[in-house]
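**Student:** Need a 3D model of the sequence below.
(chains A and B)
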Amino acid sequence: MRPDCFQRKLSFLIIIIPLFLLFYVACPALAQDIKDVVKDYRHFPLISSRIAIWVIAELHLMFAAFVLAVPMFVLITEIIGVCTGDEKFDRLSKEFTKLLPVAFSITAIFGAILIVMLIGLYPKFTGYLMEIFSGTMYVYVFLFFGESFTLYAYYYTWDRMKDSRVTKWGHVTIGVFLNLFGTALMFLANAWVCFMMSPGGIDENTYALTSLWGAVHNPLWWPINVHRIIANVAFGGAIAAAYSAFKFLGSKGPDEKAHYDWMAYIGNFIATFALIPLPFAGYYLAFEIRKYDFALITILMGGSFAWLFIIQAVLIGVLFISTNYYLWTGMNKIPGAERYKKFIIFMLTMVFIGIAVWMTPHTMVASIEEARKMGAAHHPLLDFFGQMPAKNTAVNLVILTTFLSFVLYRRANKVATATWRHVGGALQIFMFAGAAITVLYFGISSFPPTPKDIAIRYSIYQVLPVIGCIIGVMGIDIPLFKKSKPLGGIRWGEMPVRSQYILFLIAITFTLLMGLMGFVRSGIRGPWHVYGVMKDASEAAFTPTLGFATTVISIVTVIFFGFIAFVFWLSQFGGTRKE
Amino acid sequence: MKNFLSLCIFIFAVAGGFVYLGNSIPQIKQGATGPVTITLTVEGLTEAGKSIFERENSCLTCHSLGEDPKARCPNMIGVGERASQRKPGMSAAEYFMESVYSPDAFVVEGYPKGQMKPVNRPPASLNDDEIVAVTAYLYSLGGNFDQDAIQKLATAQEKYKKFVPTIEVAEAEFLMPEAYPEDGFDVFNEMKCWQCHKAPGFEDKEPEKSAPDLHGVAAMQDAEYFYDSIVFPNKVIVKGEGYVGEDGRSIMPEFHDSLTLRQLYSLIAFLQTLK
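**Tutor:** Presented below is the predicted three-dimensional model:
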């Protein structure tokens, strides 16, 4: 079968899926019949209903993140291309857009499978969600159509609208609408998911809907929206960088290598740019969970899920170390970067120490023999570094260090010529030092006997100077190096093979992290379909071990990358013969 | 092709490393907590209370049993002795009940408000008996917990229990229809109440679902209670395994529009004979 024929068939499915949704929501009698006559749960053969839903939902979510994220940075790079007139950006944007049609179709297929399986395997629970959110389903269908039409229009009109500046801006406008539809679609789906954690807009006793807006705008809706937007951008950037690495490895000549090296840099740049504020967004989410129900946050951070955060720390450690490593390796191709290489060892040490502190378990209790030798139940160092004040301090310093790596990479082949360069440089050093000292000061001050509520307030005082430093330093850096003296051109394409595997490592780690955090977000509800409203009475009303969860997440990740390889392979047939 | 295979091996290696890491840490399976067997003795209550207190993601996640400066909530050792001195005019039993049903009513100095949810709400979702057991255990931590204390706890708990509604008496004169227990027996049979309830005269029937045994029920309950139970079964739900569905509501259907008044009152008259 020819790939374009395959794409047409996928497009047909995209039309069918919303129609199916529309039919379902527009047929309350059918919904009523289902609710009345079927069982509460049905069993999925071999792997159980829970695992089946888990796998499909996870795959759907990963592809959804991809098809939401890629248009975001494609739009940004297209606008840069239009504004600067640099054809390179336009080619890059189009090349990433080629990945979208097939990825979008796969997302829709997994979405349809998920709906069918939810109705089939969890009819009562799905029926309840439909009762609450039936009003939003029409909006969802509308947004789905909107996203489909704008996505295909965006892709297929690329060359046709390229000729004049007016039509090119028209094309950018289609991209803006594509992003608006996609983001609104995600917000709506987030409302359903968050309702399961923090239900709102329902009667306290009968659990019937009292306010649809209250159900949508439930306490965790915005924190999840913010977190997912940033995470999606980071994830999309990482996958795009992995795509570029894949193409780089298969490149025949130096030009091709240079092109894909540059593309990988842009993808990784976007991923890093989103990765830096991501822990803050995660913190905001945790803060709001705490505000909604303190018990949930204690289950999350202090109960048996505490060990999951050690795994999370390892994964985030891999992300930060890999990102920094890629930047440092990239400095080898930049003339003038040797000026900054002497700092790498210090930054590396800082990142390693920070990650080591972050992954120190708080609850690692010693054996009786060890305790006798140490004279306490906890190792004095582990006990100290395992506490939240130490971890908060570590993560903020790692973020600052990664930002410093990025700043040095950015200016590696430039010499500032502005008259105020010394003042600007001094201000930047002052901001970095000030942020680091503030983070350390409030970190040390947060340890017991400081009361918990004050320690939590101090953690915000640690985050704010780091954000301020990032904004302030970049605010100075951009004008400072605007008319700088170049020390030579960047030798694009001169990257070792191992650096390309690092890009793959970043993409895989992002995917594993998404799966892991999805597991804990869902897991803290405990044996509830909808927290405090509808109890899980199925045979799977338990939270599996972390070992089991990581196995499922790994399998899903491998399947996802199998599909991604298919998307990469198919996308090469999407261009014209000349391309 | 070589690159593709290398990348496949790389992906499998990273995913495999992740699985290894996940399996290297302590493996904890968090099950849905089953009902705790509670006997109304000093030992039975404290033992049941201890098991609830110490189970996963329960009280011990935040409270400590011994001095721990890192604990999120107060140390419980000696709380049985301290409880009666916490709030002037409040007994230990009253303080314990207030602390678990309305935790923010009094917060120990040095701890922020809003850390604890009422234990009859999620995620703890303890029932009234389990709450008595937990408070009994706390009472025993340094306090003089005896049979008398059990009664004090039960009394202190009364005001926090769910409101039990009674039927409002209409001002207008209302003549009760004549009701005969024999007719009620027939209604009981016709409506197939025996499919769930055991009752005198229906010993040969084997209930298919779980519902309260009605032998001797009239010795404990009055006509108003029977009326409520038949017409609005969710007003008061007797605790017992299988008595409620997954939605937390009684499995008994509401009979507010399927019985005539005569049938309803005959049925109540029959139930009143089950002493």
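**Student:** Strands along chain B, start to end?
**Tutor:** Secondary structure of chain B, counting by DSSP state E: strands at B:30-31.
**Student:** Scan the helices and strands of the chain for the one with the lowest mean pLDDT.
**Tutor:** Looking at chain A here, since you left the chain open. helix A:28-37 (a mean of 44; mean pLDDT, DSSP states H and E).
**Student:** please go with chain B instead
**Tutor:** strand B:30-31 (a mean of 64).
**Student:** picking up where we left off before, report the distance from the very next helix or strand once past the least confident helix or strand of chain A to the chain centre.
**Tutor:** Using DSSP states H and E, the helix or strand that directly follows helix A:28-37 along the chain is helix A:48-84. Distance, stretch centre to chain centre, for helix A:48-84: 9 Å (Cα atoms, centre = their mean, to the nearest Å).
**Student:** Who are the packing partners of helix A:48-84?
**Tutor:** helix A:87-97, helix A:100-121, helix A:123-156, helix A:165-197, helix A:221-249, helix A:254-275, helix A:497-523, helix A:546-571 (3 or more Cβ pairs under 8 Å, 6 or more residues apart in numbering or on different chains; DSSP states H and E). Just so you know, the C-beta spots here come from the backbone N, C-alpha and C atoms, and that holds for glycine as well.
**Student:** out of those helices, which comes closest to chain B?
**Tutor:** Closest approach to chain B among the helices and strands packed on helix A:48-84 (Cβ to the nearest Cβ): helix A:546-571, 2.6 Å.
**Student:** Next, the buried residues of that closest one.
**Tutor:** Neighbour counts over helix A:546-571 (16 or more other Cβ atoms under 10 Å in any protein chain shown) mark A:546-558, A:560-561, A:563-564, A:567-568, A:570-571 as buried.
**Student:** got any ranges where the chain has weak pLDDT?
**Tutor:** Went with chain A since none was named. Along chain A, segments meeting pLDDT under 70 span A:1-39, A:302-304, A:362-381, A:574-579.
**Student:** Chain B is the one I meant
**Tutor:** For chain B, the ranges with pLDDT under 70 are B:29-40, B:56-57, B:69-70, B:162-178.
**Student:** so which of the helices and strands packed on helix A:48-84 is the most packed in?
**Tutor:** With neighbours defined as mean count of other Cβ atoms under 10 Å in any protein chain shown, the helices and strands packed on helix A:48-84 peak in mean count at helix A:221-249, which reaches a mean of 24.
**Student:** Now do the closest residue to residue A:49 other than its chain neighbours against residue A:137, distance only.
**Tutor:** Spatial nearest neighbour of residue A:49, excluding adjacent residues (Cβ to Cβ, 6 or more residues apart in numbering or on different chains): residue A:121 at 4.1 Å. As defined by Cβ to Cβ, to the nearest Å, residue A:121 lies at a distance of 19 Å from residue A:137.
**Student:** now do residue B:17
**Tutor:** For residue B:17, the distance to residue A:137 - Cβ to Cβ - is 41 Å.
**Student:** Domain boundaries for the chain, per the record?
**Tutor:** In the absence of a named chain, this looks at chain A. A:3-334+A:490-571, A:335-489 (automatic domain parsing).
**Student:** To clarify, I was referring to chain B.
**Tutor:** With automatic domain parsing as the criterion, the domains of chain B are listed as B:42-160, B:181-272.
**Student:** any chance of these in JSON lines, with mean neighbour count and distance to chain A too?
**Tutor:** Converted to JSON lines, these look like this (neighbours: other Cβ atoms under 10 Å in any protein chain shown; distance: least, Cβ to the nearest Cβ, whole Å):
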{"stretch": "domain B:42-160", "mean neighbour count": "18", "distance to chain A": "4"}
{"stretch": "domain B:181-272", "mean neighbour count": "16", "distance to chain A": "4"}
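**Student:** Would you reformat those as a markdown table and include distance to residue A:235?
**Tutor:** Formatted as a markdown table, the domains of chain B follow (distance: least, Cβ to Cβ, whole Å):
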| stretch | distance to residue A:235 |
| --- | --- |
| domain B:42-160 | 30 |
| domain B:181-272 | 36 |
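**Student:** Distance check, the residue of chain B found nearest chain A against residue A:321.
**Tutor:** In chain B, the residue that lies nearest chain A is residue B:22 (2.6 Å; Cβ to the nearest Cβ). According to Cβ to Cβ, residue B:22 stands 20 Å off from residue A:321.
**Student:** ok, now residue B:59?
**Tutor:** Counting by Cβ to Cβ - residue B:59 and residue A:321 are separated by 39 Å.
**Student:** Alpha carbons only: can I get the lengthiest helix in chain B in PDB?
**Tutor:** Taking DSSP state H as the criterion, chain B has its longest helix at helix B:2-24. In PDB, the C-alpha atoms belonging to helix B:2-24 read as follows (Å, rounded to 0.1, in the frame of the first residue of the first chain):
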ATOM      1  CA  LYS B   2      22.800  -1.000  11.400                       C
ATOM      2  CA  ASN B   3      21.900   2.300  13.000                       C
ATOM      3  CA  PHE B   4      18.300   1.300  13.400                       C
ATOM      4  CA  LEU B   5      19.200  -2.000  15.100                       C
ATOM      5  CA  SER B   6      21.700  -0.200  17.400                       C
ATOM      6  CA  LEU B   7      18.900   2.200  18.400                       C
ATOM      7  CA  CYS B   8      16.500  -0.600  19.000                       C
ATOM      8  CA  ILE B   9      19.100  -2.300  21.300                       C
ATOM      9  CA  PHE B  10      19.700   1.100  23.000                       C
ATOM     10  CA  ILE B  11      15.900   1.600  23.600                       C
ATOM     11  CA  PHE B  12      15.600  -1.900  25.100                       C
ATOM     12  CA  ALA B  13      18.700  -1.300  27.300                       C
ATOM     13  CA  VAL B  14      17.400   1.900  28.700                       C
ATOM     14  CA  ALA B  15      13.900   0.500  29.300                       C
ATOM     15  CA  GLY B  16      15.500  -2.600  30.800                       C
ATOM     16  CA  GLY B  17      17.600  -0.400  33.200                       C
ATOM     17  CA  PHE B  18      14.400   1.400  34.200                       C
ATOM     18  CA  VAL B  19      12.700  -2.000  35.000                       C
ATOM     19  CA  TYR B  20      15.800  -3.100  37.000                       C
ATOM     20  CA  LEU B  21      15.700   0.200  39.000                       C
ATOM     21  CA  GLY B  22      12.000  -0.200  39.700                       C
ATOM     22  CA  ASN B  23      12.500  -3.700  41.000                       C
ATOM     23  CA  SER B  24      15.500  -2.800  43.100                       C
END
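**Student:** tell me what that helix is packed against?
**Tutor:** helix A:221-249, helix A:306-330, helix A:497-523, helix A:546-571.
**Student:** angle of the strand or helix carrying residue A:357 against helix A:306-330?
**Tutor:** According to DSSP H and E, residue A:357 maps onto helix A:344-358. Interaxial angle of helix A:344-358 relative to helix A:306-330 (axes from the mean of the first three to the mean of the last three Cα atoms, to 10 degrees): 170 degrees.
**Student:** now what about helix A:344-358, what contacts it?
**Tutor:** Helix A:344-358 is contacted from outside by A:313, A:316-317, A:320-321, A:324, A:328, A:385, A:390-391, A:393-395, A:397-398, A:401-402, A:404-405, using Cβ atoms under 8 Å, 6 or more residues apart in numbering or on different chains.
**Student:** the helices in the stretch 1-150 of chain B, which residues?
**Tutor:** Per DSSP state H, counting those that start in this stretch, the stretch 1-150 of chain B carries helices over the ranges B:2-24, B:42-54, B:79-86, B:92-101, B:128-140, B:147-157.
**Student:** All set, thanks.
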